[in-house]
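Colleague: Next one to model:
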Amino acid sequence: MQERERQTLDVLRRHGFESLHTARVIEIGCGTGYWLREFVRWGARPENITGLDLLAHRVDEARALCAASTTIACGHVADLGLASNAYDLVLQSTVFTSLLSADMRRQVAAEMIRLVKRDGLILWYDFHISNPRNRDTRAVKMAEIRQLFPGCHIDLRRITLAPPLLRSLAPYSWLLCYMLGKIPWLCTHYLGAIRKQ
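Modeller: As a prediction, this is how the structure comes out:
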């Protein structure tokens, strides 16, 4: 989590989002609101943050954990009547790997493009390697990301040491995990930015 936080902040800085005080942020698939709370910690104002999730129990928990002025809604992003070009940052974290339907992936990607401002940023974090033990997820490869976001500038990097390797090594050496996490072919996720051209 610390590595991802550090690298997410680096992505934001590289793309001109050093200050989040006035940024309007929306997370697709916010779960219990972890990243919504992180954005507040990084300087975003709760009243400028929106979280969406399909699961009512997660929405209830997010509402309990986040600031009262944070908007958290239950439903599909395409069904909530959100304004186009309204958000500086549109975030998704391991949502696309849970969408097994190619049509659903296209629909959610199109909504993300619609919601983000012309000079805004889509923040992406998701698996690019499938987990053979989890049939409820499917990796999203770079070629598919390019198809999902046509005409966009895509700046993604591999991070997150393969979880099975991480789990087996972490009890013995955090330093070794850190060093191995710098080897791209051992990393299972893409993190980065997608921008409209």
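Colleague: What count of nearby residues applies to residue 101?
Modeller: Neighbour count of residue 101, defined by other Cβ atoms under 10 Å: 10. C-betas here are computed from N, CA, C, even on glycine.
Colleague: and the gap between it and residue 93?
Modeller: Going from residue 101 to residue 93 by Cβ to Cβ, to the nearest Å gives 19 Å.
Colleague: do residue 33 as well
Modeller: Residue 33 sits 12 Å away from residue 93, taking Cβ to Cβ as the criterion.
Colleague: Could you check which of those two is surrounded by more residues?
Modeller: Per other Cβ under 10 Å, whichever of residue 33 and residue 93 has more neighbours is residue 33, with 25 against 20.
Colleague: Let me see the contact set for the more buried one.
Modeller: Shown in contact with residue 33 (Cβ atoms under 8 Å, 6 or more residues apart in numbering): 51, 61, 62, 63, 65, 66, 70, 72.
Colleague: between the residues you listed, which is nearest residue 144?
Modeller: Set against residue 144, the nearest of the contacts of residue 33 by Cβ to Cβ is residue 51 (25.1 Å).
Colleague: Could I get the buried residue list for the longest strand out of those in the chain?
Modeller: In the chain, assigned by DSSP state E, the strand with the most residues is strand 116-127. Of all the residues in strand 116-127, those buried under the rule 16 or more other Cβ atoms under 10 Å are 116, 117, 120, 121, 122, 123, 124, 125, 126, 127.
Colleague: Surely the second one and residue 86 touch.
Modeller: Yes: between residue 117 and residue 86 a contact is recorded at 7.1 Å, counting by Cβ atoms under 8 Å.
Colleague: State the distance from residue 47 to residue 109.
Modeller: 27 Å.
Colleague: Where does pLDDT dip in the protein?
Modeller: Filtered on pLDDT under 70, the chain yields no residues whatsoever.
Colleague: Tell me where it has strands.
Modeller: 25-28, 49-53, 71-74, 87-93, 116-127, 152-161, 187-196.
Colleague: JSON lines for those strands, including distance to residue 181?
Modeller: Shown next, in JSON lines, are these (distance: least, Cβ to Cβ, whole Å):
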{"stretch": "strand 25-28", "distance to residue 181": "24"}
{"stretch": "strand 49-53", "distance to residue 181": "28"}
{"stretch": "strand 71-74", "distance to residue 181": "32"}
{"stretch": "strand 87-93", "distance to residue 181": "18"}
{"stretch": "strand 116-127", "distance to residue 181": "15"}
{"stretch": "strand 152-161", "distance to residue 181": "4"}
{"stretch": "strand 187-196", "distance to residue 181": "7"}
